[in-house]
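*Asks:* quick one: sequence plus predicted model below, questions after.
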Amino acid sequence: MKGGSPLPPFLRKKEKMLRYLVQVVENLLGAGILTALLFAAARRGENEGKWETARRRTVRALWGCAAGTGAALVLAVLRRITALINRGFFNLWILSFAIVSGILYLLFQWRILPRLLRKTAFVQKRPFLAEAIPDYTAALLLGALLFYALPTIFLYPAEFVLAGESVFSTDFLFKLIGFAGGLAAVVLTAFALYRTGRALPELFLRITLTAALLANICSQAVVIVQFLLARRMIPMIRWLFALIVAAVNHNIVFLYGFMGLGLLLPLAVFIRSFKPLSACGNPAKRRKLRFFRRTNRRMCLTVAAGFALSVFLLTFVKSYIARGVVLSPAEPMALAGDEIIIPIAQVEDGHLHRFVYTASDNTEVRFIVIRKNAVAYGVGLDACDICGPTGYYERKDEVICRLCDVVMNISTIGFKGGCNPVPLAYALRSGSMIIETADLEKEKTRFK
């Protein structure tokens, strides 16, 4: 049973385009902002006449971006063609590496580690390392950011053409337009932010970048702790679980925080651009300064427009699209004493089936059933440990979490972990699926 879509006909035709537009911006904008700030920091030496230093930092940063992009492409291909890639474990190691790189970068930026390095005999014999190590740390950080953000982006085009569809269809065209539009919006906004960052004093840029990196480290730590909790690798502490659930359910706040911090740069540049020019007897130099100020103001307005568009997409457009997802109605089932009986013939078509059991306190406990293969079924609550009882729906033969839009691996439904439905025990007997009502009574608090 698939969820319906009450969207008007015009928007229903454009729904896929809007969905990819929103998803690309949501998944890539944070990395784009941080990349822009890191490149602006790498070029800061130009304002002080240190052209060679700035060029060297930029080249190393570009190598880091290239390495991260290449690794992300390889990971995306492996995830597409094999089942050997465990996304959760990969994210755990990538984000751990990114956190360590971010902390080291901040320690270098605030001149804490350089002073310690210069005191070591190894660096004293090789003084060039005092500047090379911070540059390579920035390159590793950029590589880790892109390695984490880009695999999902690279996999989107693989969804454009499904079995039986043609690339010469309006459906494919709308998906491509949405995907390309999201990329263009992020790249243009990040480039404009990079240009404005170069026009600011080093201290202001360093403070802004530090705040953004700390916010990013917090968001990455949330993902790591979420994974460890879901896998029971750390104890299920009540306050920690509540904190992680709140952070996951409101993870968009981190992106808004990045945009708020990033907006400080164009705001400062825009205000500075209206200050009177210092006395300068050379008319050509004055004209050049006026040109740079006009260019900076345009870059500032571009950043503001990009952030405004992103907020519009992530609020109004995203919520409007989400209204189109309606959970399929509950299907009939038989209740015999303490057992729920569902005929196997009712759930053997490979589609998602939803059922509702009314608990002793009149709470409606939803659960889902889907056939995974010839001998196994995925049975679980219509809720998960992280997203709560928001439910799942079927789209293009995929099971999707209604809250976070994550695609479930159907073969893992019925097992703990990640955004999977909370497993529900069942038995097969005489051509029917048997589920104990006691198991549903234990879980009724999830649906209150």
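*Replies:* Yep, it's here.
*Asks:* can you map out the strands along the stretch 151-300 of the chain?
*Replies:* The residue ranges that make up strands in the stretch 151-300 of the chain, judged by DSSP state E, counting those that start in this stretch, are empty, as it has none.
*Asks:* low pLDDT regions in the stretch 101-250 of the chain?
*Replies:* Under the criterion pLDDT under 70, the flagged ranges of the stretch 101-250 of the chain are 118, 122-125, 127-128, 130, 161-167.
*Asks:* show me where it has helices.
*Replies:* Secondary structure of the stretch 101-250 of the chain by DSSP state H, counting those that start in this stretch: the helices cover 112-118, 121-125, 129-155, 170-198, 202-230, 238-249.
*Asks:* nearest to residue 430, of those?
*Replies:* Taking Cβ to Cβ, helix 202-230 is the member of the helices of the stretch 101-250 of the chain nearest to residue 430, at 35.4 Å. Placement of C-beta: from N, CA and C, glycine included.
*Asks:* any idea of the mean pLDDT for the strand ranked longest in the chain?
*Replies:* Of all the segments assigned as strand in the chain under DSSP state E, the longest by residue count is strand 364-371. The average pLDDT within strand 364-371 is 90.
*Asks:* so how far is it from its chain's centroid?
*Replies:* From the chain centre to the centre of strand 364-371 is a distance of 28 Å (Cα atoms, centre = their mean, to the nearest Å).
*Asks:* go on, stretch 223-232?
*Replies:* Taking mean C-alpha positions (Cα atoms, centre = their mean), stretch 223-232 and its chain are 16 Å apart.
*Asks:* start the count at 270, not 1, going forward
*Replies:* Fine by me, first position is 270 from now on; the one you just mentioned is stretch 492-501.
*Asks:* need the residues that contact that stretch.
*Replies:* Applying Cβ atoms under 8 Å, 6 or more residues apart in numbering, the set of residues contacting stretch 492-501 from outside is 357, 360-361, 364-365, 368, 502-503, 505, 509-510, 513, 517, 654-655, 685-687.
*Asks:* only the buried residues of that stretch, if you could.
*Replies:* Within stretch 492-501, the residues that qualify as buried are 492, 493, 494, 495, 496, 497, 498, 499, counting by 16 or more other Cβ atoms under 10 Å.
*Asks:* which of the residues you listed lies closest to residue 374?
*Replies:* Using Cβ to Cβ, residue 493 is the member of the buried residues of stretch 492-501 that sits closest to residue 374, with 18.4 Å.
*Asks:* the closest one and residue 512, how far apart?
*Replies:* Relative to residue 512, residue 493 is positioned 13 Å away (criterion: Cβ to Cβ, to the nearest Å).
*Asks:* re the thing from before, which one of the buried residues of stretch 492-501 is nearest to residue 300?
*Replies:* residue 492 (13.6 Å).
*Asks:* list the contacts for residue 485?
*Replies:* 299, 303, 371, 523, 527.
*Asks:* flag every buried residue along the longest helix belonging to the chain.
*Replies:* The helix spanning the most residues in the chain, taking DSSP state H as the definition, is helix 278-311. Taking 16+ other Cβ under 10 Å as the basis for neighbour counts, the residues of helix 278-311 that come out buried are 283-311.
*Asks:* next one: stretch 710-717
*Replies:* Neighbour-count burial for stretch 710-717 flags 710, 712, 713, 715, 716 (criterion: 16+ other Cβ under 10 Å).
*Asks:* let's see which of these end up in helices.
*Replies:* With helices taken from DSSP H, the overlap with the buried residues of stretch 710-717 comprises residue 710.
*Asks:* how about the buried residues of stretch 710-717 in a markdown table, adding distance to residue 482 and pLDDT?
*Replies:* Compiled in a markdown table, the buried residues of stretch 710-717 are given as follows (distance: Cβ to Cβ, whole Å; pLDDT from 0 to 100):
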| residue | distance to residue 482 | pLDDT |
| --- | --- | --- |
| 710 | 47 | 89 |
| 712 | 40 | 85 |
| 713 | 43 | 86 |
| 715 | 36 | 81 |
| 716 | 39 | 83 |
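*Asks:* which of the buried residues of stretch 710-717 sits closest to residue 321?
*Replies:* When the buried residues of stretch 710-717 are compared against residue 321 (criterion: Cβ to Cβ), the nearest one is residue 715, at 60.7 Å.
*Asks:* tell me, how many residues neighbour the closest residue in space to the closest one that isn't next to it in sequence?
*Replies:* Leaving out its chain neighbours, the residue that sits closest to residue 715 by Cβ to Cβ, 6 or more residues apart in numbering is residue 652, at 5.0 Å. The burial metric for residue 652, expressed as a neighbour count using other Cβ atoms under 10 Å, is 22.
*Asks:* and what of residue 466?
*Replies:* When counting by other Cβ under 10 Å, one arrives at 27 neighbours for residue 466.
*Asks:* tell me the contacts of it?
*Replies:* Residues 305, 306, 308, 309, 310, 474, 477, 534 are the ones in contact with residue 466 under the rule Cβ under 8 Å, 6+ apart.
*Asks:* is it true that residue 604 lies in a helix?
*Replies:* No. Counting by DSSP: H, G, I helix; E, B strand; the rest coil, residue 604 falls outside a helix, being strand.
*Asks:* among the contacts of residue 466, which pair sits farthest apart?
*Replies:* Pairwise distances across these peak at 13.6 Å for 308 and 477 (criterion: Cβ to Cβ).
*Asks:* need the pLDDT of residue 586.
*Replies:* Looking at residue 586 specifically, the model assigns a pLDDT of 87.
*Asks:* how close does it sit to residue 357?
*Replies:* For residue 586, the distance to residue 357 equals 29 Å [Cβ to Cβ].
*Asks:* from the chain's centroid, how far away is stretch 458-466?
*Replies:* Its chain's C-alpha centre and that of stretch 458-466 lie 21 Å apart, by Cα atoms, centre = their mean.
*Asks:* now do stretch 557-577
*Replies:* Between the centre of stretch 557-577 and the centre of its chain there are 28 Å (Cα atoms, centre = their mean).
*Asks:* give me the contacts around it.
*Replies:* Here stretch 557-577 makes contact (Cβ under 8 Å, 6+ apart) with 454-455, 457-458, 461-462, 464-465, 468, 528, 531-532, 534-536, 538-539, 542, 546, 549.
*Asks:* any idea how far stretch 442-452 is from the chain center?
*Replies:* Distance of stretch 442-452 from the chain centroid (Cα atoms, centre = their mean) equals 18 Å.
*Asks:* one step back: tell me the first helix or strand C-terminal of the longest helix of the chain.
*Replies:* For helix 278-311, the following helix or strand on the C-terminal side (DSSP states H and E) is helix 320-350.
*Asks:* other SSEs contacting that following helix?
*Replies:* For helix 320-350, the elements it packs on are helix 278-311, helix 398-424, judged by 3 or more Cβ pairs under 8 Å, 6 or more residues apart in numbering; DSSP states H and E.
*Asks:* one more time with 10 Å
*Replies:* helix 278-311, helix 356-378, helix 398-424 (3 or more Cβ pairs under 10 Å, 6 or more residues apart in numbering; DSSP states H and E).
*Asks:* same question for it, mean pLDDT?
*Replies:* Computed over helix 320-350, the mean pLDDT rounds to 90.
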